[in-house]
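Engineer: Requesting a structural model of the entry that follows:
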Amino acid sequence: MSPKKSVFITGAAAGIGRATALSFARNGYVVGAYDLDEVGLKTLSKEIEDLGATAVTGHLNVTDADEMAQRVGEFASAAGNRLDVMINNAGILIAGRFEEIAVTAHHKEIDVNTKGVVNGLHAAFPFLRATPGAVVVNMASASAIYGQAELANYSATKFFVRAMTEALDLEWKRYDIRVIAMWPLYVQTAMTADVRTGTTDSLGIRLTAQDIADDIVAAVDPSLARRLIHQVHFPVGSQAKTLAVGARFSPAWLTRLVNKRLAHS
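Structural biologist: Residues are numbered from 1 along each chain as shown. All right, here's what the predicted structure looks like:
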């Protein structure tokens, strides 16, 4: 009998992380769910176990490289010394005009959204390398298509995630590790509850956490066509797909104009 596959998810207590944890649990994975919200993790653990799957949960501050390494190592050991899927999901979003946001808040967003991903990638690598066909899923955003007004710093962190994904997918191919990124637009979670920008007015907040979770599961085990073209970036939802395709083929001035109008800038 082959060992059960395993998935490690950061920011798993709520929103996209929680929906993703439950989706992988339904597919029989051993689920590692980590977050600062230990109360949320406790209820998530029960839901996973009610599905007949195994949950391993624990406190995790993704900006702490030592704690990240400890938690990933503990989980891999509990999962039979394998790590099939690493999902760098934890992130924060701060909206508003750049100069009106405290610089300390900008720094926190950078720490969680970029350093947290670096910490996760670095800690997971030895276990991914030891697991045939391993996959890394990084949560990027449609804001990595073009810099977004009123989300300048957040958008910049997602450009970082985009570049890291592309580079490591090339580097780690020799180890049979795929590195991919999800590109949703705004999602109906607590993170966007108080967010209002020009682009939310133009495009709305249409996606649910389950929409993202479903696409993550599909991207981890892609169709033959996606495998043949080695798809790295996965826009989520019709709006993000349209924007991504448009940006790929439109001239820079037109992409800027579209984003300017969507943001009412």
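Engineer: So what sits opposite the residue nearest to residue 244 when sequence neighbours are not counted in the bridge?
Structural biologist: Taking C-beta to C-beta, 6 or more residues apart in numbering as the measure, residue 244 lies nearest to residue 235, with 4.4 Å between them; neighbours along the chain are not counted. From N, CA and C alone the C-beta is placed, and that goes for glycine too. Beta-bridge pairing of residue 235, defined through DSSP bridges, involves residue 183.
Engineer: what sits against residue 235?
Structural biologist: When contacts are counted by C-beta atoms under 8 Å, 6 or more residues apart in numbering, residue 235 is found next to 142, 183, 184, 241, 243, 244.
Engineer: low-scoring pLDDT stretches of the stretch 151-265 of the chain, where are they?
Structural biologist: In the prediction, the stretch 151-265 of the chain carries residues with pLDDT under 70 at positions 186-196, 198-206, 237-238, 240, 242, 249, 259, 264.
Engineer: Now do the helices in it.
Structural biologist: 152-171, 198-203, 209-220, 224-229, 238-249, 252-262 (DSSP state H, counting those that start in this stretch).
Engineer: Point out the other helices and strands that the last one packs with.
Structural biologist: Other helices and strands packing on helix 252-262, by 3 or more C-beta pairs under 8 Å, 6 or more residues apart in numbering; DSSP states H and E, are helix 198-203, helix 238-249.
Engineer: can you check the third one too?
Structural biologist: In terms of contacts (3+ C-beta pairs under 8 Å, 6+ apart), helix 209-220 is packed against helix 15-26, strand 134-139, strand 177-184, strand 233-236.
Engineer: how does it look with 6 Å?
Structural biologist: Using 3 or more C-beta pairs under 6 Å, 6 or more residues apart in numbering; DSSP states H and E as the contact definition, the elements that helix 209-220 packs against are helix 15-26, strand 233-236.
Engineer: Tell me who's in contact with the spatially most central residue of the chain.
Structural biologist: When the chain is reduced to its mean C-alpha position, the closest residue under C-alpha atoms, centre = their mean turns out to be residue 139, at 2.0 Å. Residue 139 makes contacts with 89, 91, 182, as judged by C-beta atoms under 6 Å, 6 or more residues apart in numbering.
Engineer: so what's it closest to, chain neighbours aside?
Structural biologist: Nearest in space to residue 139, with sequence neighbours left out and distances taken as C-beta to C-beta, 6+ apart, is residue 89 at 5.0 Å.
Engineer: My guess is that neighbour contacts residue 10. True?
Structural biologist: Yes - assessed by C-beta atoms under 6 Å, residue 89 is found in contact with residue 10 at 5.3 Å.
Engineer: Pull the residues that contact stretch 140-153.
Structural biologist: Contact partners of stretch 140-153, identified using C-beta under 6 Å, 6+ apart, comprise 95, 98, 106, 109, 155, 158-159, 161-162, 181, 183, 185, 197, 240, 243-244, 247, 255, 259, 263, 265.
Engineer: hmm, I was thinking of stretch 22-34
Structural biologist: Stretch 22-34 is touched from outside by 4-10, 12, 21, 41, 44, 48, 51, 53-58, 60, 71, 75, 79, 213, 217, with contacts defined as C-beta under 6 Å, 6+ apart.
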